[in-house]
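1. Structure of the sequence below:
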Amino acid sequence: MGAIELRDKIIQSLNTDNVSFLQNVFEFVKKEKENTSDHEIVAYTVQGQPLNKKEYIRQIKEADAEIDKGEYITVEDLEKESAGW
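-> All right, here's what the predicted structure looks like:
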């Protein structure tokens, strides 16, 4: 069974007034979408490694914490440092 045929059968199944059934289907789809989005690639590191949503958020929080601790280099300092390369 192909995707189009399967989609048509699902749509036919959803053509009902059974609220309980529709709520169950909705909850199932909602959970599946949440699980899928957690594994979806949303960014890449400068080395080209893919990052999913959770890892991306973790790295952003880690970078924010480093900035709050003063662990960063200014553009001016970077320019001075790179002049000697």
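
2. When you work out contacts or count neighbours from here on, use the C-alpha atoms and nothing else.
-> Will do.

3. Which positions in the helix or strand bottoming out on mean pLDDT in the chain come out as buried?
-> Each helix and strand of the chain was given a mean pLDDT (mean pLDDT, DSSP states H and E); the minimum falls on helix 19-39 at a mean of 88. For helix 19-39, the neighbour count (16 or more other Cα atoms under 10 Å) marks no residue as buried.

4. And that helix, how far out from the chain middle?
-> Between the centre of helix 19-39 and the centre of its chain there are 17 Å (Cα atoms, centre = their mean, to the nearest Å).

5. ok, now stretch 55-63?
-> On Cα atoms, centre = their mean, the centre of stretch 55-63 falls 12 Å from the chain's centre.

6. Pull the residues that contact it.
-> 42-43 (Cα atoms under 8 Å, 6 or more residues apart in numbering).

7. Can you list the buried residues in that stretch?
-> 55-56.

8. and that stretch, C-alpha only, in CSV?
-> C-alpha atoms of stretch 55-63 as CSV (Å, rounded to 0.1, in the frame of the first residue of the first chain):
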residue,chain,number,x,y,z
GLU,A,55,21.1,19.2,21.8
TYR,A,56,20.8,22.6,20.1
ILE,A,57,19.0,24.1,23.1
ARG,A,58,21.6,22.5,25.5
GLN,A,59,24.5,24.0,23.6
ILE,A,60,22.8,27.4,23.5
LYS,A,61,22.3,27.3,27.3
GLU,A,62,25.9,26.2,27.8
ALA,A,63,27.1,29.1,25.7
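
9. Can you tell me the element residue 55 falls in?
-> Of the helices and strands defined by DSSP states H and E, residue 55 is found in helix 53-68.

10. Kind regards, and thank you for your time.
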